[in-house]
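In: Dropping a prediction and its sequence here:
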Amino acid sequence: MARIVDLKTAIAEQVQSGDTVAMEGFTHLIPHAAAHEIIRQGLTDLTLIRMTPDLIYDQMIGMGCARKVMFSWGGNPGVGSLRRLRDAYEQHWPTRLEIEEHSHAAMANAYEAGAAGLPCAIFRGYLGAQLAEVNPNIKFIHCPFTNERLAAVPAIKPDVSIIHAQKADRKGNVLIEGIVGVQKEAVLAAKRSVVTVEEIVDDFAGLHPNVCILPDWTVGTISLVPGGAHPSYAQGYYKRDNDFYKAWDPIASDRETFRQWMQTHVLEVGPEVFAERVTFDGPTVTSRSDSAQED
């Protein structure tokens, strides 16, 4: 059964420097609070996996947490580039960064293969594409039954997967509503897992059982972190903070401005800042990070 612990303990127990870490959540329920705790604990040499790395990985890469990033799209949604990712890859600041790029289909299938305990994923993909020319982990095989040419990629099997969800019950069952990306597959494929949640309830009475995405026996640790997905959104709790995504670009564009912002808004605060500063009774979520718009 999953253990319910505070976020600092969960990260300390489940994540180590040198790990392969998947942090998933597609457009919403992105585990920002957990990423901040990884940064605060000074973890480095991580291989970061995420289908759509956005601000969460920009911050981790800029703080020197990452050795490699595996992804299928990267950017600040609706704004532009990830400035810290580009600086690390192009200028090796603050450390040299290796990248491994795939398609969405490849990564989704690779997560499913990892969850199923298979060595690789086989699918129709990369037809006419040139990505295989620069990614040695994209191979092609012929179906033994039809002789059709198919793409193959290694299964994704993280050391630890981290996701955010709306609810968990006290047994450790996890509920997700709204857009479900590859969160379930990422957790099932991993050796260890951390799930941060908006609230912990006694049970899921009155809710359809299909919203229980992960039963307690599939989850390692659960941490209560209201607002833990901000500035992304959590359906039913708070909206996407679009202003923060726009504010991030000038912050991340300059190395010193970025360092100062991370020092003030991440390193000098604890994980409880999310729970203390978030309010759900307004149209948008408010957290310590919002002060970036005032600086």
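Out: Yep, that arrived. Residues are numbered from 1 along each chain as shown.

In: pLDDT (mean, whole number) over stretch 158-167?
Out: For stretch 158-167, the mean pLDDT works out to 97.

In: what are the C-alpha coordinates of that stretch, in PDB please?
Out: Taking C-alpha atoms only, stretch 158-167 is exported to PDB below (Å, rounded to 0.1, in the frame of the first residue of the first chain):
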ATOM      1  CA  PRO A 158      12.300   5.200 -15.200                       C
ATOM      2  CA  ASP A 159      13.900   4.800 -11.800                       C
ATOM      3  CA  VAL A 160      11.200   7.000 -10.500                       C
ATOM      4  CA  SER A 161       8.100   8.600 -11.900                       C
ATOM      5  CA  ILE A 162       6.400  11.700 -10.400                       C
ATOM      6  CA  ILE A 163       2.900  12.900 -11.100                       C
ATOM      7  CA  HIS A 164       0.300  15.300  -9.700                       C
ATOM      8  CA  ALA A 165      -3.300  14.300  -9.200                       C
ATOM      9  CA  GLN A 166      -6.500  15.800  -7.800                       C
ATOM     10  CA  LYS A 167      -7.100  13.300  -5.000                       C
END
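
In: burial count for the closest residue to Val219 other than its chain neighbours?
Out: Counting by CB to CB, 6 or more residues apart in numbering, Ala2 is the residue found nearest to Val219 once chain neighbours are left out, at 3.9 Å. (C-beta placed from N, C-alpha, C; glycine too.) For Ala2, the count of nearby residues is 22 (other CB atoms under 10 Å).

In: thought Ala2 was touching Gly172?
Out: Yes - shown here, Ala2 and Gly172 form a contact pair, counting by CB atoms under 8 Å, at 2.8 Å.

In: overlap in contacts of the two?
Out: Here Ala2 and Gly172 have Asp216, Val219, Ile222 as joint contacts, going by CB atoms under 8 Å, 6 or more residues apart in numbering.

In: now those residues as TSV including pLDDT, secondary structure and neighbour count?
Out: Shown next, in TSV, are those (pLDDT from 0 to 100; DSSP: H, G, I helix; E, B strand; the rest coil; neighbours: other CB atoms under 10 Å):
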residue	pLDDT	secondary structure	neighbour count
Asp216	94	helix	17
Val219	97	coil	25
Ile222	98	strand	28
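
In: residues contacting Arg96?
Out: Counting by CB under 8 Å, 6+ apart, Arg96 has contacts Arg67, Ala88.

In: SS state for it?
Out: coil (DSSP: H, G, I helix; E, B strand; the rest coil).

In: For Val134, which non-adjacent residue is closest in space?
Out: Glu101 is the one closest to Val134 (CB to CB, 6+ apart), at 7.7 Å.

In: That neighbour reaches Phe71, doesn't it?
Out: Yes - at 6.4 Å, Glu101 counts as touching Phe71 under the criterion of CB under 8 Å.
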